[in-house]
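# What would the 3D arrangement of this be:
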Amino acid sequence: MFEYGIVGSGVGGSSIATLLNAKGYKVALFEKEPYLGGCSSTFSHKGYSYNTGATTLAGYEDGFIVKEVFDEIGFKPELITTDPAIVIMQNEKVTPRYSDFEKFFQVLNTNYPYSQNRKFWELIYEINSEFYKMSGHYYSNANIFAKVKSLLSFIPLFLKFQKYLRINAYDFIDNFFDGIDDEYLQFLESQILIVAQAPTKEINFFTAALSLGYTFNENHYAIGGLGAIFNGLTKDIEHVYKNSEIKEIKRLPTYFELHTKNNIYEAKKIILNSTVYDSAKLFEDRDIKSYYKKYEKLNNYQSSFMLYLTIKSKKKFEHHYQIIKEELFPHSLSKAVFVSFSDENDNTIVAKGHYSLTISLHTDLRIWQNKETYKAQKKVLQDILVQTVLTSLDIEESEIVHSFCATPLTFKNYINRTQLGGNAITMKNFLPFLPSNDSPLNSVYHVGDSVYAAQGWPGVMLGVKNLKGLLDV
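Numbering: from 1, shown residues only. You can find the predicted model right below:
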């Protein structure tokens, strides 16, 4: 019998499984697909390799959570520092997000001249710097007493940032600049959406500031794709079951049965890397289903439309671009498309002289549920995105070697979830309403982007660290 059965090998599942394994616990890690990583995996399509979705590793530097967890595990990934972290392209303006404040600000203030700019971006820089220096807070939802006690640990953070927690980001920004034009607002909004996964009217300014400030930290490109990180991270775990979808979990008096198509595994405790609003389907137990039902309202149906390209080109590209248009892309929720390139010297993920591109756009699952219009919608959006990327980045159509796209329904088939981007921390979904990494359900735990603390590598790793403390390991 396993001490821990971990369902799902995304950032959270793979990390907590490796950490528990390093501490000497007998763990089993289950993954539906033949590769690890979930939304952050690397996969092959007709002989070409691509990152599934998220392509940036943030938070791997001294004093930051990702490196802290990796160091504790004893894992050192093969990385390249990417600076600028992203290049924003809007109309004729090109703004690299350099980690050096003055280098970035010089370009920013030329492209978007506002008298309040320096004060605003210095505030962003300060909030980002100060937040990552704070520690000691944790979050529990095991019972009302544990929740109250854990919330008290946030008092220093609340006191320091309270004036940015009480106002939505849209109003704060508009007030700060005493009115802001649509172009600059969209410049800010599009970057915030990448990280926060929610528009400025729905989140507080503190969350927006951290979203805008992450490029001042070190960001990294993973050689061989993010899948290489998961393979290296979990290499010492004896029991990693790929191609093993957990169909059902049965709660017995002292342990759980985890059922795949062909086998039954036993574990004393389970850790789910599934979304909190989809986890009820794994159980028949009435009490467990009732617990998860209250979180179904958190599902905002937000997802991604993905375009994957392999190109052959002699040009040099940065690792990441965001292309902002004046109108919403059809069948989407956004005016901005995010484009990620493999490194020009990374011949592990793609052949020499080629680039692997992962291109993403926010959309809504419900847009893609009409079978009669599905194929036509897919073709329209694919064609527009291809043209947008080629035109904006000066790529010839003849340089495309391979291309295909994926909708939320595609993700349902492969990674068993349609909602992508995680559970956004909005003004309505903040502490103490956010699901925790523990639960009132005995021996049932969670990691991932739909529970504390947030999405992205740093957010999910904060949850991994939080769960480690709650498990007292």
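# From here on, just use CA atoms for contacts and neighbour counts.
Fine.
# Helices along this structure, start to end?
Secondary structure of the chain (DSSP state H): helices at 11-22, 65-73, 101-111, 117-131, 144-152, 155-165, 169-176, 182-196, 205-213, 226-233, 286-293, 374-392, 408-415, 456-471.
# Deepest-packed of those, please.
Among the helices of the chain, helix 11-22 has the highest mean neighbour count (mean count of other C-alpha atoms under 10 Å), at a mean of 25.
# In CSV: the helices of the chain, plus mean pLDDT.
Output for those, formatted as CSV (pLDDT from 0 to 100):
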stretch, mean pLDDT
helix 11-22, 98
helix 65-73, 96
helix 101-111, 98
helix 117-131, 97
helix 144-152, 97
helix 155-165, 96
helix 169-176, 97
helix 182-196, 96
helix 205-213, 96
helix 226-233, 97
helix 286-293, 93
helix 374-392, 98
helix 408-415, 92
helix 456-471, 96
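# Would you enumerate the residues in contact with the nearest residue to residue 436 once chain neighbours are set aside?
Closest residue to residue 436 apart from its sequence neighbours, by C-alpha to C-alpha, 6 or more residues apart in numbering: residue 452 at 5.1 Å. The contact partners of residue 452, by C-alpha atoms under 8 Å, 6 or more residues apart in numbering, come to 139, 434-437, 459-460, 462-463.
# Pick the one among these closest to residue 281.
residue 435 (17.5 Å; C-alpha to C-alpha).
# correct me, but residue 62 touches residue 68?
Yes - contact status for residue 62 versus residue 68: in contact at 7.5 Å, counting by C-alpha atoms under 8 Å.
# Domain boundaries for the chain, per the record?
Each domain of the chain is listed here as a residue range: 2-78+223-297+424-471, 84-217, 302-415, per automatic domain parsing.
# my guess is residue 116 meets residue 177, correct?
Yes - look at residue 116 against residue 177 with C-alpha under 8 Å: they come within range, at 6.3 Å.
# Tell me which residues touch the nearest residue to residue 203 once chain neighbours are set aside, please.
Spatial nearest neighbour of residue 203, excluding adjacent residues (C-alpha to C-alpha, 6+ apart): residue 426 at 4.4 Å. Counting by C-alpha under 8 Å, 6+ apart, residue 426 touches 198, 202-204.
# before we move on, what about residue 11?
37-38, 40, 230, 448, 457, 460-461 are the contacts of residue 11 under C-alpha under 8 Å, 6+ apart.
# so which of those residues comes closest to residue 79?
Looking at these and their distance to residue 79, the nearest is residue 230, at 13.1 Å (C-alpha to C-alpha).
# Give me the contacts around stretch 161-178.
114, 116, 120, 158, 180, 200-208, 427.
# Pull the most distant pair out of those.
Across the contacts of stretch 161-178, the longest distance by C-alpha to C-alpha is 30.0 Å; it joins 114 and 158.
# Show the model's pLDDT score for the residue located most distally from the centre of the chain.
What lies farthest from the middle of the chain is residue 253; by C-alpha atoms, centre = their mean that is 35.5 Å. Residue 253 carries a pLDDT value of 96.
# Distance-wise, check it relative to residue 283.
Plainly put, residue 253 is 15 Å away from residue 283 if you go by C-alpha to C-alpha, to the nearest Å.
# same deal with residue 363?
Applying C-alpha to C-alpha, the value for residue 363 to residue 283 is 29 Å.
# cool, residue 11 as well?
According to C-alpha to C-alpha, residue 11 and residue 283 sit 23 Å apart.
# and if you look at residue 366?
Residue 366 sits 25 Å away from residue 283, taking C-alpha to C-alpha as the criterion.
# swap in residue 322?
Applying C-alpha to C-alpha to residue 322 and residue 283 gives a distance of 40 Å.
# Of these two, give the one with the bigger neighbour count.
Neighbours were counted for residue 322 and for residue 283 using other C-alpha atoms under 10 Å; residue 322 has more, 25 against 16.
# My guess is the more buried one contacts residue 336. True?
Yes - with contact defined as C-alpha under 8 Å, residue 322 reaches residue 336; the gap is 6.5 Å.
# sorry, back to before: distance of the residue nearest to residue 203 from residue 261?
Residue 426 sits 38 Å away from residue 261, going by C-alpha to C-alpha.
# next one: residue 171
Relative to residue 261, residue 171 is positioned 51 Å away (criterion: C-alpha to C-alpha).
# who does the closest residue to residue 89 other than its chain neighbours bridge with?
Excluding the flanking residues, the one nearest residue 89 by C-alpha to C-alpha, 6+ apart is residue 323, at 4.8 Å. Here residue 323 sits in beta bridges with residue 89, residue 337, going by DSSP bridges.
# Ok, residue 258 next?
For residue 258, the beta-bridge partners under DSSP bridges are residue 249, residue 265.
# quick one, what contacts it?
Contacts for residue 258 (C-alpha under 8 Å, 6+ apart) come out as 5, 246-250, 264-267.
# Identify the farthest-apart pair in these.
Across these (C-alpha to C-alpha), the longest gap, 15.1 Å, separates 247 and 267.
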